[in-house]
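Student: Quick one: sequence plus predicted model below, questions after.
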Amino acid sequence: MAKISSQDLGEQPISKLLIKQAVPASIGVLVMSLNILVDTIFVGNWIGSTSIAAINVVLPVTFFIAALGMSIGVGGASIISRALGAENYKKALKTFGNQITLTLLLTVSLVVLGLTYIDSIVDAFGGKGAIFQPAKTYYTIVLYGVPILALCMMGNTVIRAEGKPKFAMYSMMIPSIGNLVLDYIFINILNFGMAGAAWATTLSHCGSLFYILWFFLSKRSELNINFYHFGLNLSIVKEISSLGFVTLARQAVVSITYLFMNNILFDLGGETSVTAYAIVGRMLMFAMFPVLGVTQGFLPIAGFNYGAQNYERVRETINTAIKYAAILATLVFILLMLFPQAITKMFTTDLEVVKQTPSAMRWVFAVTPIIAVQLIGAAYFQAIGKAVPALLLTLTRQGFFFIPLILILPNFYGEFGVWVSFPISDVLATIVTAYFLNKEITKTLSVKKSLIS
């Protein structure tokens, strides 16, 4: 078989290759994050600050179901990257077909359950008082489109695993741009309120799915599957599940975190505190786009070269990714430390929210420059197919440190205890990740020098 484009992952210089992979990924994440950011600004200014809190209540539920698609995508992408590196094209095709089948089966089932227990779920995730009704409206409509979102998230990771980051970037840009246009029409012109915001989100994902289908059905993809590949293969399903469970567990912990945070902050400060957290959460999604882009660009390079047993390139990829991500994270840190109040005022004119949010934002992003090690470390184990350490390191920050801290510290320090839990958990998780990452790579890749040199 002639050399395919995915082989570039094993041949081009690492720095050039990482930039080539990370820039489109960063742009894609940026546009998607900017969509969430501007969407929240539109909702806050055109509907009201309570609507920001309402969306914050709904997101962890819908994102968890959609994250099934992401987890299946990431788990399968790791297999596909290594299979392409080993020139095992049959396994790559079968894996992709199984990813599609699993995504549809699981997400549709969970959507049915989610619609059955609407009131209980909205209330449990902090949809109380004035937040409940707008949250329920948004939740109901968005949930119908979650299987579509899941397929988009799955397909995007597979496109990137093929070494085609620009196409993956376009698949992320389409729903983001579409959502902003539809937001303006449905909310500002047609005055549909929360229902308009929800329909804008759902319909925009349909546009992305059509683009992804076009990519895979055309000759641009190396994974031209047929009906045979959709039949579930037990060994592949197990491998997808073990690796994908890392991503799913991460999102599950994020959803649990939202559950605790929304309820704790509502008890401490009511709708104002929940809104402040919603704004900070949007900045977490938006401001970290370059670091997440580097992480996404890192995954296929590390996975391909590990599959090809080109271990020196894997080590070089890790060092380069950590360096780039740390520089970008530091720039994000400086920006947010300098302008937290101006950023808050973009979302709302509510004086209480504007007063409370800047301090919270500074604490949440207080140690941002060090998180590169944490993100790349967990991603490395996922890229090379080691599910257990990937899972444990992924859960370290929020599962092992952050959630216990927000359950303990507010009892002594009130709302300040909530915000200071962010930097403490980041520091602890980074220390743990750096230790195990350095130890594992030194052993596995037979590298005598320390990881970060």
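Tutor: Right, received. Where do you want to start?
Student: for the chain, longest helix please?
Tutor: Assignment by DSSP state H gives helix 234-287 as the longest helix of the chain.
Student: List of residues touching stretch 411-424?
Tutor: 261, 264-265, 268-269, 273, 359-360, 363-367, 401-402, 405-406, 408-410 (CB atoms under 8 Å, 6 or more residues apart in numbering). For glycine as for every other residue, the C-beta is placed from the backbone atoms N, C-alpha and C.
Student: Would you mind listing which of the residues you listed are buried?
Tutor: Buried subset of the contacts of stretch 411-424 (neighbour count, 16 or more other CB atoms under 10 Å): 261, 264-265, 268-269, 273, 360, 363-367, 401-402, 405-406, 409-410.
Student: what is the mean pLDDT for the longest helix of the chain?
Tutor: What helix 234-287 shows for mean pLDDT is 85.
Student: ok and the following helix or strand past it relative to helix 234-287, angle-wise?
Tutor: Under the assignment DSSP states H and E, the closest C-terminal helix or strand after helix 234-287 is helix 289-307. Angle, helix 289-307 to helix 234-287, by axes from the mean of the first three to the mean of the last three CA atoms, to 10 degrees: 150 degrees.
Student: Where does pLDDT dip in the protein?
Tutor: 1-8, 10-11, 28-29, 31-35, 246, 446-453 (pLDDT under 70).
Student: mind redoing it with 50?
Tutor: 1-4, 447-453 (pLDDT under 50).
Student: Report how many residues lie close to the closest residue to Gly281 other than its chain neighbours.
Tutor: Once flanking residues are discounted, Gly281 sits nearest to Asn56: 6.3 Å by CB to CB, 6 or more residues apart in numbering. Asn56: 27 surrounding residues under other CB atoms under 10 Å.
Student: Can you give me the distance of Asn56 to Gly178?
Tutor: As judged by CB to CB, to the nearest Å, Asn56 and Gly178 stand 22 Å apart.
Student: Ok, Val237 next?
Tutor: 33 Å.
Student: which SSE is Leu223 in?
Tutor: Using DSSP H and E, no helix or strand contains Leu223.
Student: if we can go back for a sec, among the contacts of stretch 411-424, which ones are in strands?
Tutor: Taking DSSP state E, every one of those sits outside strands.
Student: Now do the contacts for Phe215.
Tutor: Phe215 neighbours (CB under 8 Å, 6+ apart): Gly155, Ile159, Phe167, Ser171, Ser221.
Student: which of the residues in the helix or strand where it lies are buried?
Tutor: Phe215 is part of helix 193-217 when elements are defined by DSSP H and E. Neighbour counts using 16+ other CB under 10 Å place 193-205, 207-209, 211-212, 215-216 of helix 193-217 among the buried residues.
Student: Can you mark which positions in the helix or strand harbouring Val420 are buried?
Tutor: Applying DSSP H and E as the criterion places Val420 in helix 415-444. By neighbour count with 16+ other CB under 10 Å, helix 415-444 contains the buried residues 415, 417-430, 432-434, 436-438, 440-441.
Student: now that helix, how far from the centre of its chain.
Tutor: Distance of helix 415-444 from the chain centroid (CA atoms, centre = their mean, to the nearest Å) equals 19 Å.
Student: so it versus helix 234-287, what angle?
Tutor: 130 degrees.
Student: Start at 16, not 1
Tutor: Yep, numbering from 16; the last one is helix 430-459 now.
Student: returning to that earlier point: surely the residue nearest to Gly296 and Ser288 touch.
Tutor: No - in this structure, Asn71 is not within contact of Ser288 by CB atoms under 8 Å, at 11.1 Å.
Student: got the contact list for stretch 109-125?
Tutor: Here stretch 109-125 has contacts from 80-81, 83-84, 87-88, 91, 94-95, 98, 161-162, 165-166, 169, 173, 238, 240, 243-248, 251-252, 255, using CB under 8 Å, 6+ apart.
Student: What subset of those is buried?
Tutor: The buried subset of the contacts of stretch 109-125 - by 16+ other CB under 10 Å - is 80-81, 83-84, 87-88, 91, 94-95, 98, 161-162, 165-166, 169, 173, 238, 240, 244, 251-252, 255.
Student: Centre of the chain to stretch 396-415, how far?
Tutor: The answer for stretch 396-415 is 15 Å, by CA atoms, centre = their mean.
Student: Pull out the buried residues from that stretch.
Tutor: Quick answer for stretch 396-415 (16+ other CB under 10 Å): 396-402, 404-415.
Student: One more: stretch 363-375?
Tutor: Thr363, Asp365, Glu367, Val368, Val369, Gln371, Thr372, Pro373, Ala375.
Student: Tell me how far Ser186 lies from Val127.
Tutor: 27 Å.
Student: Those two - which one has more neighbours?
Tutor: Per other CB under 10 Å, whichever of Ser186 and Val127 has more neighbours is Ser186, with 25 against 10.
Student: Need the CA coordinates for the one helix or strand that one maps to. CSV is fine.
Tutor: Using DSSP H and E, Ser186 sits within helix 180-198. Output of helix 180-198 as CSV, limited to C-alpha atoms (Å, rounded to 0.1, in the frame of the first residue of the first chain):
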residue,chain,number,x,y,z
PRO,A,180,-6.2,18.3,12.1
LYS,A,181,-7.6,21.0,9.7
PHE,A,182,-10.7,19.0,8.9
ALA,A,183,-11.2,18.4,12.6
MET,A,184,-10.9,22.1,13.1
TYR,A,185,-13.6,22.8,10.5
SER,A,186,-15.9,20.4,12.2
MET,A,187,-15.6,22.4,15.4
MET,A,188,-15.9,25.8,13.8
ILE,A,189,-19.2,25.0,12.0
PRO,A,190,-21.4,24.6,15.1
SER,A,191,-19.7,27.5,16.8
ILE,A,192,-20.4,30.0,14.0
GLY,A,193,-23.9,28.5,13.4
ASN,A,194,-24.8,28.8,17.1
LEU,A,195,-23.9,32.5,17.3
VAL,A,196,-25.9,33.3,14.2
LEU,A,197,-28.9,31.3,15.4
ASP,A,198,-28.6,32.9,18.9
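Student: Which helix or strand contains the nearest residue to Thr262 once chain neighbours are set aside?
Tutor: Among residues not flanking Thr262 along the chain, Ser86 sits closest, at 3.8 Å (CB to CB, 6+ apart). Per DSSP H and E, Ser86 falls inside helix 64-100.
Student: Show me what counts as buried in that helix.
Tutor: Of the residues in helix 64-100, those buried (16+ other CB under 10 Å) are 64-100.
Student: what does stretch 146-161 give?
Tutor: Here stretch 146-161 shows 146-147, 149-158, 160-161 as buried, counting by 16+ other CB under 10 Å.
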